[in-house]
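Chemist: turn this into a structure:
(4 chains)
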Protein chains: 4
Amino acid sequence: MIETSASITVPFYDVDSMEIAWHGNYAKYLEIARCELLDKIGYNYLQMRESGYIWPIIDMRIRYIKSTRFGQKVCVNAKITEWENRLKIDYLITDKETGERLTKAHTIQVAVTLSTGEMCFVSPTVLTDKLSHLEEKG
Amino acid sequence: MIETSASITVPFYDVDSMEIAWHGNYAKYLEIARCELLDKIGYNYLQMRESGYIWPIIDMRIRYIKSTRFGQKVCVNAKITEWENRLKIDYLITDKETGERLTKAHTIQVAVTLSTGEMCFVSPTVLTDKLSHLEEKG
Amino acid sequence: MIETSASITVPFYDVDSMEIAWHGNYAKYLEIARCELLDKIGYNYLQMRESGYIWPIIDMRIRYIKSTRFGQKVCVNAKITEWENRLKIDYLITDKETGERLTKAHTIQVAVTLSTGEMCFVSPTVLTDKLSHLEEKG
Amino acid sequence: MIETSASITVPFYDVDSMEIAWHGNYAKYLEIARCELLDKIGYNYLQMRESGYIWPIIDMRIRYIKSTRFGQKVCVNAKITEWENRLKIDYLITDKETGERLTKAHTIQVAVTLSTGEMCFVSPTVLTDKLSHLEEKG
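Modeler: Numbering: from 1, shown residues only, chains lettered A, B, ... in the order given. Alright, predicted model coming up:
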């Protein structure tokens, strides 16, 4: 399984007047975990661009089970669940102390060839080779 | 139909190093349209709290069809598509000049009683009365 | 006088748990007014880059006189007060209804030649020509 | 000396189309260090409110010496330099690897009595007692 877990402390500036993290800020928490995951496989934003592709998000869904407060420590687990035609990452945010499930989410990215701007309907081998290799080892 | 359309110019600070609005910023665009819609029915954040409820977002999904650039003018159409048990709003973001479809999204909110913290499985009458009334007129 | 005034409604997502706009969000309000001002003189971010320069902010100061609430309508007045060696813009944020002074600020930008990365100690003529021309007219 | 140093990795979502951290995001970096510092003296946001005061920022100045890129690791040093009548914190952001100075800043906060909304011209003893005690030890 290709996955990672990022630790985040909810900062004061993310909390709204209901004293909970504003729902839109979770896109940042997902990105922190996603970047750690992509670093782990050696294919983060800079490597993507060097390989001739960008990978825009085309779909993001977040289900909020329980809210979070200023200073709360959470874990953002991210794992790759699809990669052959598009890169799908599933997320689970839990409370660091209690393990309680707080948020479930996913993002879907597709490769776009930088030189032409065209979307790829099959993921480029620069990604799939890395992931097949990791799967075999795993 | 209970709907509204908000005008937004993509600001410089929302644009990332791929020179497009960062995907997480769309939660703000949806909220601007949602607040205009809730103002229209007289039940925005302040009225919600006065009525004894908060309405946290429990589900947000955004599908990105085409990216947006710094300075681009877009329309965010928001319409209420469910309200009896929960408040579901559907969004369509289009280019202001060409009308091209850029983003589709939805958010789902549920009422939570402020005094007890309990989630309501049926929307409180303070919302449904306003909406039934508007539907009859519309 | 080369100045402009931008209208802003404090959005829900900018408000913190003290129910006032979080102080760091004012950098966005200044930028909205600054971009309107730079559009007015025909030298906004895109024209800057086309002219071979970027203009990073090297100094920002904000003095908060009175806080702002969700939904409050404010005016952000921006005016150019120095431009020969660097671009200094002074800002005054006031309540739209009462005219009460809420915030004073300034930003200072300097030209950096894109091709060399070198800072310019005199503002390039592409800016000073535009401003001298406007001053003569004004 | 009452000071602290926070480690921050510049996230993708903070970087603008010039591929550097957008200047307004530094207010967040300062706050992360400030919160760590206030935690250290046992007087962070929650303790402030419990003690009957809020401490809004009334002045923030940031001088940008060198820009930062996506993924760059920086240290944000924060130290208290005034506290008798107001709480002044000075910040220095440096590159974690090279120690190069990147940004200098300060923030000034004043106590406001929660019950009356009145600004205090002398810092309340709940803060000054904590700081005098730490100074004696230090």
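
Chemist: stretch A:52-72 near chain B anywhere?
Modeler: Yes - using C-beta under 8 Å from any C-beta of the partner chain, stretch A:52-72 reaches chain B at A:54, A:56-65, A:67. For glycine as for every other residue, the C-beta is placed from the backbone atoms N, C-alpha and C.

Chemist: can you give me the buried ones in that stretch?
Modeler: A:53-62, A:64, A:67-68, A:70, A:72 (16 or more other C-beta atoms under 10 Å in any protein chain shown).

Chemist: can you give me the offset of that stretch from its chain's centre?
Modeler: In terms of C-alpha atoms, centre = their mean, to the nearest Å, the centre of stretch A:52-72 is found 7 Å from the chain centre.

Chemist: over to it now: how far is its first residue from its last?
Modeler: 39 Å (C-alpha to C-alpha, to the nearest Å).

Chemist: so where is chain A shaky, pLDDT-wise?
Modeler: A:1, A:138 (pLDDT under 70).

Chemist: which residue of it sits farthest from its center?
Modeler: residue A:17 (27.0 Å; C-alpha atoms, centre = their mean).

Chemist: of the buried residues of stretch A:52-72, which pair is most distant in space?
Modeler: A:53 and A:70 (38.1 Å; C-beta to C-beta).

Chemist: where does the residue farthest from the centre of chain A land in three-state SS?
Modeler: coil (DSSP: H, G, I helix; E, B strand; the rest coil).

Chemist: quick check: residue A:52 touching residue A:113?
Modeler: Yes - using C-beta atoms under 8 Å, residue A:52 is in contact with residue A:113, at 6.5 Å.

Chemist: the buried residues of stretch A:52-72 in strands, which ones?
Modeler: A:53-54, A:57-62, A:64 (DSSP state E).

Chemist: quick one: residues contacting the spatially most central residue of chain A.
Modeler: Centroid-nearest residue in chain A: residue A:34, 3.0 Å away (criterion: C-alpha atoms, centre = their mean). Listed by C-beta atoms under 8 Å, 6 or more residues apart in numbering or on different chains, the contact set of residue A:34 reads A:78, A:89, A:107.

Chemist: now do it against chain B, distance only.
Modeler: 11 Å (C-beta to the nearest C-beta, to the nearest Å).

Chemist: now do residue A:127
Modeler: From residue A:127 to chain B the distance is 17 Å (C-beta to the nearest C-beta).

Chemist: residues from chain A in reach of chain C?
Modeler: So chain A meets chain C at A:12-13, A:15-17, A:19, A:22, A:24, A:70 (C-beta under 8 Å from any C-beta).

Chemist: does residue A:53 touch residue A:110 like I think?
Modeler: No - in this structure, residue A:53 is not within contact of residue A:110 by C-beta under 8 Å, at 9.4 Å.

Chemist: sorry, back to before: which element is the residue nearest to the centre of chain A on?
Modeler: helix A:26-40 (DSSP states H and E).

Chemist: cool, residue A:107 as well?
Modeler: With DSSP H and E as the test, residue A:107 turns up in strand A:101-109.

Chemist: got it, and residue A:78?
Modeler: With DSSP H and E as criterion, residue A:78 is part of strand A:73-82.

Chemist: residues contacting that strand, please?
Modeler: A:1-10, A:29-30, A:32-34, A:36-37, A:68, A:87-97, A:102, A:106, A:108, A:131.

Chemist: so which of the buried residues of stretch A:52-72 comes closest to chain C?
Modeler: Nearest to chain C, judged by C-beta to the nearest C-beta, of those is residue A:70 at 6.7 Å.

Chemist: skip the chain neighbours and tell me the closest residue to that closest one.
Modeler: residue A:15 (4.6 Å; C-beta to C-beta, 6 or more residues apart in numbering or on different chains).

Chemist: was I right about the one you found contacting residue A:21?
Modeler: Yes - Residue A:15 is in contact with residue A:21 according to C-beta under 8 Å; the separation is 5.7 Å.

Chemist: tabulate the CA atom coordinates of the strand holding residue A:78 in PDB.
Modeler: Taking only C-alpha atoms (Å, rounded to 0.1, in the frame of the first residue of the first chain), the coordinates of strand A:73-82 have been written out as PDB:
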ATOM      1  CA  LYS A  73      -3.700  17.700  16.600                       C
ATOM      2  CA  VAL A  74      -4.900  15.600  13.700                       C
ATOM      3  CA  CYS A  75      -3.400  12.900  11.400                       C
ATOM      4  CA  VAL A  76      -4.100  13.100   7.700                       C
ATOM      5  CA  ASN A  77      -3.700   9.700   6.200                       C
ATOM      6  CA  ALA A  78      -3.400   9.700   2.400                       C
ATOM      7  CA  LYS A  79      -3.200   6.600   0.100                       C
ATOM      8  CA  ILE A  80      -3.200   6.100  -3.600                       C
ATOM      9  CA  THR A  81      -6.200   4.100  -4.700                       C
ATOM     10  CA  GLU A  82      -6.100   4.500  -8.500                       C
END
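
Chemist: and it with strand A:101-109, angle?
Modeler: Orientation of strand A:73-82 against strand A:101-109 (axes from the mean of the first three to the mean of the last three C-alpha atoms, to 10 degrees) gives an angle of 40 degrees.
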